[in-house]
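In: Just to be clear, the model below is a prediction. Sequence and coordinates:
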Number of protein chains: 2
Amino acid sequence: MANQYLHNVQGLFDTIAPNYDRMNNIISLGTHRHWRKQTMAQIHLAPDAHVLDLCCGTGDWTIALARELQPTGEVIGLDFSAPMLKLAQQKVAQQHVADRVWLRRGNAMHLPFKDNTFDLVTIGFGLRNLPDKAQALAEIYRVLKPGARLVCLETSQPDQPLIKPVWQWYFTKVVPLFGRLFAHQYQEYSYLQETTRHFASYQQLAQMFRTAGFQNVHYQRFNFGAAAAHFGTKEAD
Amino acid sequence: MANQYLHNVQGLFDTIAPNYDRMNNIISLGTHRHWRKQTMAQIHLAPDAHVLDLCCGTGDWTIALARELQPTGEVIGLDFSAPMLKLAQQKVAQQHVADRVWLRRGNAMHLPFKDNTFDLVTIGFGLRNLPDKAQALAEIYRVLKPGARLVCLETSQPDQPLIKPVWQWYFTKVVPLFGRLFAHQYQEYSYLQETTRHFASYQQLAQMFRTAGFQNVHYQRFNFGAAAAHFGTKEAD
């Protein structure tokens, strides 16, 4: 069941890969870069850090992280869609960070890495599409070094009475239309807006972090809550 | 000490990367492809196998392995030299196996992978340059699935009385000269021939496999023993 779901979602992301960057700019009205930038400002990376960027897609966050590192550091970008990774590889080469970025296809719920490996794990707009979020959080916790952090940037839901209906209208009506207009992919973007609307609230996500064992859990909301960055730390030794 | 050694060897491989493919053809008098082909003939891969190719260099063996797989399988190519991996990435794209090959910089003596992960580990002309071979073999054993195989292709030493002096002359005198003539890298190739001459005999290497826990250890020699493929199996569950 979970496997079938994963397989379908993988096919969806394979399909939307060619338009993915453009559509993210359109759907977020250009603000997703700003969210990432604000999130990055709270991450302090050693130049030789080992970073894992999950659900890396076409590699925007992967590359932004790599720019903070020396070649002695590394960012592993993991995604389950080979077409996404192919686009990511091209961008990595263009941006001259191929000496510190390593891409790999894989399943975020079964990470192919050793325990206590990474100084930072990031996941951007990926968690809500994983069928078993608790399992993914447990795996992330496992591969983080003690004392190291998970940073999750994800769509979320506004809760202000005036904002919420506008946001709902935007995601149920406008986003699928954008998908049809700009990418001829109405169905795919209908699905994506559904996962956005039904994903955990920012309080629920913080609780999921705590349940997985993360400490010092906090978050930052963007655009009246349309997106949120969640931070959690693995228990130090 | 071992770290300093590794650092120097890494610098050496970074230096020789641009001429590496050409020099291997010259030094082995074109036979290294033949050795690999004969070794491959003894490997039976499932199309969805997970393969780790250690010390993958510019990726020739990585790509040959990937050609045996469907996109549901994967070959991870690991090397400690970023310039080598950069060349490998170009070849992987040219050969249309980028959907199943994932390159990564790393240390073969501290593999960044989980236990019991791979259906096959290969290491071609790499083991003799690792400062701690026993540690590398232990790590390979750890990441192999129970019942899965290590295949090591490496230079070796002929032991026939008529062949051995010719081989010694070739490696001590001719190979560094080739390095000077074709790559302006006399010193680097002097080092490489030294590691070739001083590396374990095929019997010693088989014994090292057994010490690391491998079962059903056997080998095949090429060119009167100038190279050898060693095979070993991790104990089945």
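Out: Happy to help now that I have it. Residues are numbered from 1 along each chain as shown, chains lettered A, B, ... in the order given.
In: what's the first-to-last distance across stretch A:212-232?
Out: 10 Å (C-alpha to C-alpha, to the nearest Å).
In: Quick check, central residue of chain A?
Out: Among the residues of chain A, the one closest to the centroid is A:Gly124, at 1.6 Å (C-alpha atoms, centre = their mean).
In: surely it meets A:Leu153?
Out: Yes - assessed by C-beta atoms under 8 Å, A:Gly124 is found in contact with A:Leu153 at 4.5 Å. Placement of C-beta: from N, CA and C, glycine included.
In: joint contacts of these two?
Out: The contact sets of A:Gly124 and A:Leu153 overlap at A:Arg36, A:Trp61 (C-beta atoms under 8 Å, 6 or more residues apart in numbering or on different chains).
In: Note down every partner strand of the longest strand anywhere in chain A and its orientation.
Out: In chain A, taking DSSP state E as the definition, the longest strand is strand A:144-155. Next to strand A:144-155 in the sheet, as set by DSSP bridges, lie strand A:118-124 (parallel), strand A:227-233 (antiparallel).
In: any chance of those strands in TSV, with distance to B:Ala82 and mean pLDDT too?
Out: Converted to TSV, the strands paired with strand A:144-155 look like this (distance: least, C-beta to C-beta, whole Å; pLDDT from 0 to 100):
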stretch	distance to B:Ala82	mean pLDDT
strand A:118-124	19	98
strand A:227-233	31	96
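In: What residues sit buried inside stretch A:34-54?
Out: For stretch A:34-54, the buried set under the neighbour-count rule, 16 or more other C-beta atoms under 10 Å in any protein chain shown, comprises A:Trp35, A:Arg36, A:Thr39, A:Met40, A:Ile43, A:Leu45, A:Ala49, A:His50, A:Val51, A:Leu52, A:Asp53, A:Leu54.
In: now it, how far from the centre of its chain.
Out: Stretch A:34-54 has its C-alpha centroid displaced from the chain centroid by 12 Å (C-alpha atoms, centre = their mean, to the nearest Å).
In: first vs last residue of it, how far apart are they?
Out: End-to-end distance of stretch A:34-54 (C-alpha to C-alpha): 19 Å.
In: just stretch A:70-83 next, same as before
Out: This stretch, stretch A:70-83, spans 28 Å end to end (C-alpha to C-alpha).
In: still on that earlier bit, neighbouring contacts of the longest strand of chain A?
Out: Residues outside strand A:144-155 that contact it (C-beta under 8 Å, 6+ apart): A:35-36, A:39, A:42-43, A:61, A:116-128, A:137, A:140-141, A:196, A:199, A:205, A:209, A:214, A:226-237.
In: Can you name the next helix or strand after the helix or strand of chain A with the lowest mean pLDDT?
Out: Every helix and strand in chain A was compared by mean pLDDT, DSSP states H and E; the lowest is helix A:2-16, with a mean of 77. Following helix A:2-16 in sequence order, the next helix or strand is helix A:20-27 (DSSP states H and E).
In: contacting residues around A:Lys91?
Out: By C-beta under 8 Å, 6+ apart, the contact set of A:Lys91 is A:Thr58, A:Gly59, A:Asp60, A:Ile63.
In: host element of it?
Out: helix A:82-94.
In: about what we covered before: just the buried positions in the following helix or strand past the longest strand of chain A, please.
Out: Downstream of strand A:144-155, the next assigned helix or strand under DSSP H and E is helix A:164-169. Of all the residues in helix A:164-169, those buried under the rule 16+ other C-beta under 10 Å are A:Trp167.
In: List the contacts of helix A:164-169.
Out: If you take C-beta under 8 Å, 6+ apart as the criterion, helix A:164-169 is touched by A:Gln157, A:Pro158, A:Arg197, A:Phe224, A:Ala226.
In: Show me which of those residues are buried.
Out: A:Gln157, A:Pro158, A:Phe224, A:Ala226.
In: Let me have those residues in JSON lines, adding pLDDT and distance to chain B as columns.
Out: Formatted as JSON lines, these follow (pLDDT from 0 to 100; distance: C-beta to the nearest C-beta, whole Å):
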{"residue": "A:Gln157", "pLDDT": "87", "distance to chain B": "35"}
{"residue": "A:Pro158", "pLDDT": "88", "distance to chain B": "39"}
{"residue": "A:Phe224", "pLDDT": "85", "distance to chain B": "39"}
{"residue": "A:Ala226", "pLDDT": "87", "distance to chain B": "34"}
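In: which pair in these spans the largest distance?
Out: By the measure C-beta to C-beta, A:Gln157 and A:Phe224 form the most distant pair in the buried ones among the contacts of helix A:164-169, at 9.8 Å.
In: coming back round to it: tell me the average confidence for the helix holding A:Lys91?
Out: In this model, helix A:82-94 has a mean pLDDT of 94.
In: got the angle for it vs helix A:20-27?
Out: 90 degrees (axes from the mean of the first three to the mean of the last three C-alpha atoms, to 10 degrees).
In: re the thing from before, looking at the buried residues of stretch A:34-54, spot the one nearest chain B.
Out: Taking C-beta to the nearest C-beta as the measure, chain B lies nearest A:His50 of the buried residues of stretch A:34-54, at 8.3 Å.
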